[in-house]
Each structure stands twice: as structure tokens, then as C-alpha cells.
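# Give me a 3D structure for the following:
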Amino acid sequence: MAETAINVVFSKFGELATRELAVLLQVGGDIMQLGDQLEWLQPIIRDTDRKRRAGTVDGLTRVWVRQTRNAAFDAEDALDEFFHKVDLRGQGDGSLLRYLTSWWSEITVRHRLSGQIKSITSTLDRISVNQKQYNVEHTPSRIWTSSATAFSPRDDPQIIKEKYIENNVNYLKNLLDVEIDEKMVISVVGKSGSGKNTLLDAVCKKMMWQVHIWYNMPPDSSTQDVLKQVYKRAYKRINKTDPPYSASEEDMAAKLRELLEGMKYLVILCGISSKTMLNCVWASLPDNNNCSRVVLILESGHYDVAKHGADTLNKKMKEGTILWLSRWDEDTSARLFQDMVKDSGDGVFKVSGSEVGKPSGGEVSTEDKQYVYAMTEGNPLAIVVLAGLLRHKEPVERETLLKQLDQNASRMPAIERILSACYDDLPQDLKSCLLYLAAYPKNITQPAEQIVRMWTAEGFIRRRKGKTPEELGRMYLDELISRCLVTRIRTKDKGSPQKVLVHGRVLEFLQSEARQANFIDIQDRCDVLEPAVVRRLSIQDDGNRYTPSKTRFPKLRSFICRVEEEAGQIRSSTTSTWCWWSSMLSCLGLDLVLGAPAGHHDISFLCKSRFLRVLSVQGLGLVELPEGMGDMIHLRYIRVKCKGLKKLPSSIWKLLNLETLDITGTDVEEIHPRFWTIKALRHVLAEMLTLPAASSVPEELGELQTLHGVKPAQGDDNCPLHKMTKLRSLELHGLESSKHRVALADVLKKMHLLGHLKLEGDVIPSCIFTAPNLRCLQTIVLQADTDVEWEHIPQNFNVHHARPNLVQLKLKDKSKVPGHIQCELGNILIEDKNL
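Numbers count the residues shown, from 1 in each chain. This next block holds a predicted model:
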């Protein structure tokens, strides 16, 4: 419960060491003493957490752990307050008066930090005294030590699992293909972790439908929420674009029937929990007499919904339309386990005195089958997660681990004790990363790069020489995937962003741990009971329950808010004026309720959260962000995906630590020119942002890796990209050959690290294929009617030699590509009429 808090403090110590050497000379001794105490406490806390999950911790021990955690939180707050004051000092104008004021302020700040560290150390001393006085004893459990981070590639567990469900795949496929013209509902029912989604995924890869919709419903979704989401997905499938915001809740069912009229559709719904909701959805889908199907993915507790669908809604075929996924048998469980662990270091794995992990197809002993079945209770998720844990262990450690799991068998369900063991086994720097995923609701996928950037902003990524934070973050994520705690969502498009998902049962465990550790608070609105102690707040609302807040969150580090987009639409012309007044009053400390226009949300309350590092907002009705954001000096990550946002605060340039600005899905076109002087910038993503004049970028932005959704500055002689040559990913639109050709060709030749390039314009210079420095390019996308100076590429030119890493060239019309280049590129060349 307190271990995560201690890990965060250690990361702050590292940040302090890299940034403020002078401070270490003055208070280094105090910090080392505090660090020593926390280091001694950490293994005891870790062991106590294991016992807590097993239900063997008494009340006094819980008090001791909570007090230790609070002391670690105090240390983190003291360090963040110091960073806040030091960074505000860095916003100065360089005058002598400012320098003298900063010098005296620095001495005061250091003295205050020293006093706070000493006070926290004294608190820990008192806690230790109380521990002895009240006989709070610690008896180390016989348990393994945490694994080192392996970062080793593994077989995809999804592919391995699909080998063992072929019978169910064929049964469901035949059920979908049965020659019954009327629409029909089919239900796949089973306990969490029984493989329902894996089964549907495997079936969908083998079948084609005119309209195919899969919607995983977040918890507490209403019928209207479901209909709107199904409509949005169906509309996008049919029209290749998002629907216009025009459908009201009252006519959504009619619009969905009209949209799907005459179509052969497959609608897969995960999470319907009542017969009433099913009836409403069923009535909203037309019966086109063309074998359309609705598939329900249901937990075992909702079998009555499946029964209702079969007996009441299906007209002709009532029997056999419910597929119940029960426990796997001993033989299948053992063989899946064998396949999952066979790639561990030595190729063998000892269970109950024999070896498992022989080459696929080898016989597994009866004793081993029984042992694996007893450990996992035949639950596919438990089998996969246990295998993911054991293949990271040395042979001598595996036997100890299994014995420990066996000892807890009477106190905890199989999946619970296996997840607990997997979490305990994680290296320290991965635990915080995994817990952070608890911020998101069940069945919601997240872009992998977005997750990595948020980890980096929070300080969870431990820096290593020779690796960028993004590379390390991807390695961390690969490790979690390898351990089967996170699932990678595979896509056919090699150029598409990778997405990840946490299984619902794993997410339940993580959210429970996050609450116990006060790591993150998960709500569907802003009315939090104890805002003064909340350190990370996640608001996930798909039912229009979100209400604006005036509450202050003084210790907040992350604010993650995702609401249904329609709820945040701007419907009043007065919102811009209201937002300005609200922002100004908030900056003055006057939190007055002015009465926000309908459809408008205000986040100016966050300006009081001095320690905020991550701001991620999606779907709110925002026109602009508060001007006071410029003083939120800790901000490292800003993501705002709100359709109505048109303006960023002019103070944004003050955010000296900002690494990521993501304003995709907004109407922002301009940004303060001094924004481009932020040296920490790593990722800028937008839709229609205009690049600044070259004079606004006085120095090389050596950390900038991603630049998406930007329009070029006017003219060849005014290109700021010459100061952004370390880019790994670039997406430019609005290119005109007459104005930008020379500058673009010149700057691309300098981007030797570029791996992704997306361009939209009239004619693109041939250097994207011929320039010798672009050998790292992996994906090229030419949007709309963009053409290339193909005539400037010699007939004998070998694209593979010039672009050895290219895996995809995507364009709207490949007929313009010369024949010899088409033949050479083969499957790498992809035509997409929707570009």
C-alpha cells in the first residue's frame, strides 16, 4: 500500500540529483538519511502488502503502513514544492533585480526544503518507535524476490490461445453462417478470463460482413449511450467519416434503423446487463432478412439476458444459440501452459518434480496436468498470466514461487493469488507504470505512445544512458505485455498507432490496489469526498454525469478526464466571454459561480493544482484553456481533445518543463510564438496548427521527436523545420510546391532520424525516396491528391537500397506510381481511397 509512494519519492530524488547539484551540497545529507530510512522500510512494506492481499495483516500493521505511506507523500510534496519554486524562478526576464531576488529566494527555498526533510525523517523515527511500542512485528514471508526487467520478446499469447479454441471458433462460425434469413441474437457467456473476447476476435478474422461493429460498453452505460455508440461506429464503417452532431437522443433508434436498412450487419456488444436494454437495442436494429446477427458477450451472472435473447427474440432457432465457456479441462490447461512457458531461458520448466515446457506436441504427464489445473482452476486467463510470470523466473525460483502460491490456495481464488504474485514480482519501476493503467475504464483501448508519454511525464521511467525515455517506455510496455498483464491490440495497418488493453479482471485488481495505495481516485464526476488528499484523479463518464467543479486539488499530479463527446458540445455564443471572466476570477483566487452556459465546461479549478504534471481531457465543452495555466510549471503533458477548443492561453510558453502538447481533435490554429522556445518539447500533435516564423525558433529544438498536424510557414526562406532536425515523426499538410518545395527538400535531407512521414499538398519533391539521409524511414503516407515528382527518379533507381527500413507506402491512387517502382515495392505499396 505504501511501496508505490516510496518508489515515487526515489524517482524525485533522482530528478533532484540531475537538476539541482547546489541543493544536494546543502541538504544532501538530510536527503540521504531519508532515503536510507525509506530503503530499509521498502521491503517490509512490500511484504506487508502481500500479506494484506492474503488477508493476514492485523489492524495495527495497517495503521503503521498508512502512516509510513503518508510520510512518503509528505516527502514527495516537499520536493515538488521545491521544484515549483525553482522553476518559477526560471521564468524571469534576466534583469539584475530579478537575479538578486531569485538568489535570495533560492537560499530561502533550500532552507525550507532542509527543514521539511528533517521533519519527515523525525516522523519516520516516531513511527518506528510506535511500531516497537505496540509490538507491530514483521515476520518475512518465504517469498521470491522481484524479477529484473527482462525486456525479452515473447510469442503473442493471443495467437497461442487461439490454437486451443478451434472447436469453439468453428461452432460459433457455423452459428453465424446458419441459413436463417431473420436477424438472430447469439450469446457467448462465461466467467471473467474464460476467453470470450479471444474467441470473438478469432472468429471475426475469418469472416467478412458488410457492416461489422464491435462495442465494448463501459460500466454503467445507459441504453442511449449504447445506441449512440453503435450508430457512430456504423456510420463511420459505412461513410468512412465521423457522423455530424445532429442526432438527438429521442431519434437515435430511428436513425440507427435507417442507417442499417438493407445492410447485412454483425453487431457485437460486450456488457449488456439487462433484458430491458437488450430489447431496446434489438428494436433499434432492422430485420433485413439477410442473415444479420447480434452477438452478446456476457458475464456468467447475466445468463438470464442470454436466455431471453434465445427464447424470446429469436424467431426460428432458439436452441444452441448460447455458447457457454466453462473451465478448461486438465489436458487443454496443461498444453496451453506448456506452450506459454516453452520459450523461457532453458526451455524446460519443473512442476511437481517433472518437466513441463517440452516442444509443442510432446506429452504432459498426468501429475503435471492435475497440478496446473489445481493451480489455475482451468481459467484461461489464470493459465496465461501464471505462465507469463514463471517464464521470467530462474528454475530455482520457480519451485519456491509455486509452493507459496499453493500455500495461499485456501485463502484466495486462483486468479486473485496469481495476479497478486505477478504484481509483487514486477520490478519497482514497472509497478507504478502498471498501476497508472487503472485510470481507464474496462474495455477501453489506449494508444501505446500516449501511455508511454504519460508515464514519462509522471517520472515513472528510469533514465538509462543511450536510450530515450520513449524507447525505455516502449520496453516497459513490452515487458508488461510479455508478462500477459497487458494485451497488445493487433492491427493490419503497419502504419497505425499501436493500442493496448488491460483485461477486465486484471483491471479490477489494479483499481483495488490503486485505491488501497491512494495512488489514483477513479470517479464519474468531480465531486470527490476528500479532494485535499487526491494525488491522481480519473474521471470516466459515458452517461453525461460530469459536472464542472470549483473544488481545489492541492496535491494533484494527474488529471485524466474522458466524457461522452456529445455532452461537451458548445451550444452558446457567450461561452468565450464566460470562459475569460471565469479564468480571470480564478487566477485572482475568486472562485465564484457565474453560471456556465449550457454545454460548457470549465477547468480553471486546476490552476490551483501547483504540482500537476499530466492534464488529459477529452470530450469536454472547452473553448479555451485558462490563462493561469502558465504558472502550472510542473506540467509536462497536455492532451486536450475537445471539438470546441479554438485558443490556447498566451502564457503557455511559461511551461518550461512541457514535453507533450496534444491538441488533435481541436480547432486550434495559432499558438504563442514563444511556445517554440521551450527546450523540453518532445511531442507536438495538432490538426491545423500553423508553424511559426523561423525567427521564433532561435535555438535547435534537440528534444523534439514528433510534429503532427502542422501547416508550413509561408515562403522558402521562413522554414522553422531547420531547427527541428531530430524529428522521428513528421506530418505536414497545406504544402504548395511553388512556395515550399525548395525548403521542404532541403530540410528533409537533414532529418536522418525520421521514421514516419505524412504529407499533404500538390506535388512533393522526389527526395522523400532519393535523399541518402532518410534511410530510417519506415512509413510514408501521401494524403488526398498529393503527387510526387516521379519523373525525377531514375529508371534504374532501387528504392529498397535507398529506403531499407520502409514497410509501408500508402497513397490514394497508386496508378500514378511508375510500374518499376510498383513491382519493386510489392505489398509495401498500399492504395487507400479514403486518404
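# And for residue 725, the neighbour number?
When neighbours are counted by other CB atoms under 10 Å, residue 725 registers 19. The C-beta positions use only the backbone N, C-alpha and C, and glycine is treated the same way.
# From residue 754, how far off is it?
Residue 725 is 9 Å from residue 754, where distance means CB to CB, to the nearest Å.
# so how far is residue 405 from the closest residue to residue 832 other than its chain neighbours?
Leaving aside its sequence neighbours, residue 832 sits nearest to residue 810 (CB to CB, 6 or more residues apart in numbering; 5.5 Å). For residue 810, the distance to residue 405 equals 48 Å [CB to CB].
# same check, this time on residue 190
Taking CB to CB as the measure, residue 190 and residue 405 are separated by 24 Å.
# again with residue 164
For residue 164 relative to residue 405 (CB to CB), the value is 23 Å.
# go on, residue 205?
Residue 205 sits 34 Å away from residue 405, taking CB to CB as the criterion.
# ok, the two, which is more surrounded?
Neighbours were counted for residue 205 and for residue 405 using other CB under 10 Å; residue 405 has more, 20 against 11.
# And what about the more buried one, helix, strand or coil?
helix (DSSP: H, G, I helix; E, B strand; the rest coil).
# That one and residue 418 touch, don't they?
Yes - here residue 405 reaches residue 418: they are 6.9 Å apart, a contact under CB atoms under 8 Å.
# tell me, what's touching the two both at once?
Taking CB atoms under 8 Å, 6 or more residues apart in numbering as the criterion, residue 405 and residue 418 both touch residue 375.
# Tell me which stretches of the stretch 401-550 of the chain form helices.
Per DSSP state H, counting those that start in this stretch, the stretch 401-550 of the chain carries helices over the ranges 414-425, 428-436, 448-458, 469-482, 504-516.
# so which of those helices gets nearest residue 668?
Nearest to residue 668 among the helices of the stretch 401-550 of the chain is helix 448-458 (18.3 Å), distances taken as CB to CB.
# CA atoms only: put the closest one into CSV for me.
Provided in CSV are the C-alpha atoms of helix 448-458 (Å, rounded to 0.1, in the frame of the first residue of the first chain):
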residue,chain,number,x,y,z
ALA,A,448,0.6,2.9,-26.6
GLU,A,449,2.6,6.0,-27.4
GLN,A,450,0.1,8.1,-25.4
ILE,A,451,0.5,5.8,-22.3
VAL,A,452,4.3,6.0,-22.6
ARG,A,453,4.3,9.8,-22.8
MET,A,454,2.2,10.0,-19.7
TRP,A,455,4.5,7.6,-17.8
THR,A,456,7.4,9.8,-18.8
ALA,A,457,5.7,13.0,-17.7
GLU,A,458,4.9,11.4,-14.3
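# Please compute how far it lies from its chain's middle.
Its chain's C-alpha centre and that of helix 448-458 lie 7 Å apart, by CA atoms, centre = their mean, to the nearest Å.
# Nearest residue to residue 419 in space, please, no chain neighbours.
The spatial neighbour of residue 419 that comes closest, neighbours along the chain excluded (CB to CB, 6+ apart), is residue 509 at 4.6 Å.
# show me the contacts for residue 672.
Here residue 672 is in contact with 648, 650-653 (CB under 8 Å, 6+ apart).
# so what's the backbone phi/psi at it?
Dihedral angles of residue 672 (phi, psi; degrees, to the nearest 10) stand at phi -60, psi 130.
# and the gap between it and residue 682?
Residue 672 is 19 Å from residue 682, by CB to CB.
# got it, and residue 169?
For residue 169, the distance to residue 682 - CB to CB - is 43 Å.
# Show me which of those two is the more surrounded one.
Neighbours were counted for residue 169 and for residue 682 using other CB under 10 Å; residue 682 has more, 24 against 18.
# what sits against that one?
Shown in contact with residue 682 (CB under 8 Å, 6+ apart): 453, 469-470, 659-660, 703-706.
# Leaving out the residues flanking it, which one is nearest to it?
residue 659 (4.5 Å).
# how many neighbours does the one you found have?
There are 23 residues near residue 659, going by other CB under 10 Å.
# do residue 170 as well
12.
# hang on, it in a helix?
Yes - according to three-state DSSP, the state of residue 170 is that of a helix.
# per-residue confidence at the closest residue to residue 379 other than its chain neighbours?
Once flanking residues are discounted, residue 379 sits nearest to residue 193: 4.9 Å by CB to CB, 6+ apart. In this model, residue 193 is scored at 85, pLDDT.
# Same question for the one 10 residues further on.
At residue 203 the predicted local distance difference test score is 88.
# Just to check, it is in contact with residue 173?
Yes - using CB under 8 Å, residue 203 makes contact with residue 173 at a distance of 5.5 Å.
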